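> Turn this into a structure:
(chains A and B)
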Amino acid sequence: MKKNANKNYVDLKTQPIPEGQHLLEVDNLKMYFHTEDGIVHAVDGVSYTLDRGETLGVVGESGSGKSVTAMTIMGLISMPPGKIEGGRVLYRGHSLLDMSEEEMQHIRGNDIAMIFQDPMTSLNPVYKIGKQVGEGLRLHRGYSKQEALQRATELLDLVGIPEPEKRVNEYPHQFSGGMRQRVMIAMALACDPDILIADEPTTALDVTIQAQIIELMQEMQEKNGNAIVMITHDLGVVADIADKIMVMYAGRPVEFGTADEIFYDSRHPYTWGLIRSIPEQAIDEKKPLTPIHGNPPSLMNLPAGCPFAPRCPYAQDICHEKLPEQVTTETGHYSACHFAGDMDFVKKNAPNTSRSRGKIATGTPDVLDPSVIGGRA
Amino acid sequence: MADKTPLLKVEHLCKEFPAESGTFGGRFAKRFVSAVNDVSFEIYPGETFGLVGESGCGKSTTGRTIMHLTSPTSGKVYFQGRDISEMSKKELKEMRRDMQFIFQDPYASLNPRMTIGEIVSEPMTIHGIGTKEERIERVRELLQVVGLNPEHINRYPHEFSGGQRQRVGIARAFILRPKLIICDEPVSALDVSIQAQVLNLLKELQDKYGTAYLFIAHDLSVVQHISDRVAVMYLGKMVELSDWKTLYTEPHHPYTQSLLSAVPVPDPDIQKTRKRIILAGDPPSPIDPPSGCRFHTRCPMAQDICSKEIPGFDEVASGHYCACHFAKPFPIKESHINL
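Below you'll find the model as predicted:
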């Protein structure tokens, strides 16, 4: 690769966001895979906006198109078999879908960085950690080897890896899962990106380590002001971190709103189903769970009408015939359900929440407050 | 738990693996992975005993050792009053009619070359129960019970989704009407909506057949939902054991407390206001476990004694055991610690 290949490009992240636009604007994005067996509607009309300092949570079950959407935005889908069937992705007013591969290479890592689920397989086992963390800096910023290594050491220190001077010279197998995920975060943040896309960053980790990683991501966001797209299947994780939430089902966003709107004022039966499927932190007695019946549809032959209709307990004739439009409120909260505008329907069927019950159930027991314990400082 | 005789009794169970392969399969290894260390508990007929902990804490090894899939280094396992380690191969086989296993991975635990009917009836074939017709009849009946179409008896595993495959695994475990089923992370590979289906199914089957479960999982909310009693493991040791309610409302051990506080609650109001203990660092290696209390290296309230003496697994309240020097009195206050 040419050393100064990136000389001709303007650093997009230093440019102001055009008036009336957002940092990232995804508008009715559609990407289908054309396979031998038929067309897979992997991403089917996804829209959202994101600004600096914000966190968007993308929730859904496996195969709902959460990761593919992110990879389409990053230009990581091979085309063919993938094909953009419509829509726009604007980053600071520039269309990502129209960029050349070279331009995209400059965007990736520099402006938009990504963390993957599996920290075991997303690091190269034959290169030292320092080299991998500094790679983006060498590529995008033209750092020398020494400078990159120097900065990599600082970054490892920043993400809380002890003895960074020693650790930069180690290989991925010498790191634990949580430490590897910290390395991934250091790598993603090396070039100070505008947007950090995290694809199930904590799913492979234990819960105490998950808490560390989420805290680290929030800390880094406060420091750098970057936006985060958090892709996860865990509603608990998005409750922790997200400002806005998009719920996806069968390649489509079925509901989008602020975290408060999704958790306390959701309008879509699928969101309700997800909330009800989680074992409640019941303290008094246990009730059987209310699962969503059946299985998600194949993305190759989606049912006519609403894709959720076959599993929806409230489905009417219209649901099996007509694809629902998005019902949007003034605040931008939308729900793709025929009955989302019917407040009686919503009120009657939405799950109880801590707010509708009028009290905040103490989700956790009266745990020790570390500040009072003393212990070891 | 009306029945006072335990179905399964585990006493001071230890399991060590050689940490180096070396000569003779590591038989002369000097370093050992202490996977399970001095674990004792009982399971009563018809109850669900939850076993939680992070990866590498020895919960799966405990399950496998009970089943005698690996033999314990020391300690005893009694099933229906009989010592498993003294059983002959034939007796072990007999015993396994009453003790079955449900595995985590619904993809790897079903033979892709066998039909669903063959998979589910295999335990009957192995134990020589019934004629072929009777087996098929029983399989069809059970497929119905676990929510699969009995017409699919001749299909192969790849034709089913993850949740359906797990139902096949459950049908296989139930076909001999065992008294105890060891469920090793039975829902962790499934999506949350499917997970709820499988959990409800396990509960229904338990009500129907009166089976006891040893339910091994890392997800605390799942374990809380299904279990009558719950034990928490850390680095091969059991740190706390209690009925589910007490464990989740009044956890005595600092590890249980931090574990519970680390689980993100799907409710932003609660999530923003509750107190959380975020543990520093990773769990230490079980090859050279820390001296004294194995948790002391990460414990927010560790004192000198913690690195010197191994805390006993003592009863702090009726039926509530905890391995911490400061577990009693509860709740712990600063004044209790400055000893």
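> Within range of chain A, give me the residues from the stretch 1-150 of chain B.
B:54-55 (C-beta under 8 Å from any C-beta of the partner chain). Any C-beta I mention is one placed from the backbone N, CA and C, and that applies to glycine too.
> How many residues are close by the spatially closest residue to residue B:130 that is not a sequence neighbour?
Once flanking residues are discounted, residue B:130 sits nearest to residue B:124: 5.8 Å by C-beta to C-beta, 6 or more residues apart in numbering or on different chains. Applying other C-beta atoms under 10 Å in any protein chain shown, we find 20 residues neighbouring residue B:124.
> For residue B:124, pull up the helix or strand it's in.
Residue B:124 is part of helix B:116-126 when elements are defined by DSSP states H and E.
> Summarise which helices and strands the helix or strand following that helix is packed against.
Next helix or strand after helix B:116-126 toward the C-terminus (DSSP H and E): helix B:132-145. Identification of packing neighbours for helix B:132-145 by 3 or more C-beta pairs under 8 Å, 6 or more residues apart in numbering or on different chains; DSSP states H and E yields helix B:116-126, helix B:162-174.
> ranges for the strands of the stretch 151-300 of chain A?
For the stretch 151-300 of chain A, the strands defined by DSSP state E, counting those that start in this stretch cover A:195-199, A:227-232, A:244-249, A:252-258.
> Same list (the ones you listed) but as a markdown table, adding mean pLDDT.
Formatted as a markdown table, the strands of the stretch 151-300 of chain A follow (pLDDT from 0 to 100):
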| stretch | mean pLDDT |
| --- | --- |
| strand A:195-199 | 91 |
| strand A:227-232 | 92 |
| strand A:244-249 | 93 |
| strand A:252-258 | 91 |
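> how about the helices and strands packed on helix B:132-145, which one is nearest residue A:56?
Minimum separation from residue A:56 across the helices and strands packed on helix B:132-145 (C-beta to C-beta) falls at helix B:162-174, 27.3 Å.
> In PDB, could you pull the C-alpha coordinates for the helix or strand that that closest one is followed by?
Toward the C-terminal end, the helix or strand that comes next after helix B:162-174 (DSSP H and E) is strand B:180-184. C-alpha atoms of strand B:180-184 as PDB (Å, rounded to 0.1, in the frame of the first residue of the first chain):
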ATOM      1  CA  LEU B 180     -32.700 -36.000  37.900                       C
ATOM      2  CA  ILE B 181     -31.700 -34.000  34.800                       C
ATOM      3  CA  ILE B 182     -28.500 -32.000  34.700                       C
ATOM      4  CA  CYS B 183     -29.100 -29.000  32.500                       C
ATOM      5  CA  ASP B 184     -25.900 -27.400  31.400                       C
END
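> one step back: mind putting the helices and strands packed on helix B:132-145 into JSON lines with mean pLDDT?
Formatted as JSON lines, those follow (pLDDT from 0 to 100):
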{"stretch": "helix B:116-126", "mean pLDDT": "92"}
{"stretch": "helix B:162-174", "mean pLDDT": "90"}
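> So which of these is nearest residue B:258?
It is, among these and with distance given as C-beta to C-beta, helix B:162-174, at 30.6 Å.
> Any buried residues in that closest one, and which?
Neighbour counts over helix B:162-174 (16 or more other C-beta atoms under 10 Å in any protein chain shown) mark B:162-174 as buried.
> Which one of the helices and strands packed on helix B:132-145 lies nearest to residue A:103?
Here helix B:162-174 is closest among the helices and strands packed on helix B:132-145 (C-beta to C-beta), at 39.4 Å.
> Name the surrounding residues that touch the closest one.
With C-beta atoms under 8 Å, 6 or more residues apart in numbering or on different chains as the test, helix B:162-174 has contacts from A:295, B:100-103, B:106-107, B:109-110, B:116, B:119-120, B:122-123, B:139, B:142-143, B:145-148, B:157, B:160, B:181, B:186-187, B:189-191, B:194, B:197-198, B:201-202, B:205, B:209, B:211.
> With just CA atoms, put stretch A:183-196 into PDB.
Taking C-alpha atoms only, stretch A:183-196 is exported to PDB below (Å, rounded to 0.1, in the frame of the first residue of the first chain):
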ATOM      1  CA  VAL A 183      -7.600  -4.000  23.300                       C
ATOM      2  CA  MET A 184     -10.300  -3.900  20.600                       C
ATOM      3  CA  ILE A 185     -11.700  -0.700  22.200                       C
ATOM      4  CA  ALA A 186      -8.200   0.800  22.300                       C
ATOM      5  CA  MET A 187      -7.800  -0.100  18.600                       C
ATOM      6  CA  ALA A 188     -11.200   1.400  17.700                       C
ATOM      7  CA  LEU A 189     -10.500   4.600  19.500                       C
ATOM      8  CA  ALA A 190      -6.900   5.000  18.300                       C
ATOM      9  CA  CYS A 191      -7.800   7.500  15.600                       C
ATOM     10  CA  ASP A 192     -10.400   9.300  17.700                       C
ATOM     11  CA  PRO A 193     -13.400   8.300  15.500                       C
ATOM     12  CA  ASP A 194     -16.700  10.200  15.400                       C
ATOM     13  CA  ILE A 195     -18.700   7.000  15.600                       C
ATOM     14  CA  LEU A 196     -18.000   3.800  17.300                       C
END
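> Off-centre distance for that stretch?
How far stretch A:183-196 lies from its chain's middle: 15 Å, per C-alpha atoms, centre = their mean, to the nearest Å.
> quick one: is it near chain B?
No - judged by C-beta under 8 Å from any C-beta, stretch A:183-196 and chain B are separated, with a smallest distance of 13.4 Å.
> how about that stretch: buried residues?
Buried, per 16+ other C-beta under 10 Å, within stretch A:183-196: A:183-191, A:193-196.
> picking up where we left off before, quick check, the residue nearest to residue B:130 in contact with residue B:177.
No - using C-beta atoms under 8 Å as the test, residue B:124 is too far from residue B:177 to be in contact (10.8 Å).
> Which residue ranges of the stretch 151-300 of chain B form strands?
With DSSP E, counting those that start in this stretch as the criterion, the stretch 151-300 of chain B has strands spanning B:180-184, B:212-217, B:229-234, B:237-243.
> same for the third one, what does it pack against?
Contact here means 3+ C-beta pairs under 8 Å, 6+ apart; on that basis strand B:229-234 packs against strand B:48-52, strand B:237-243, helix B:244-249, helix B:254-262.
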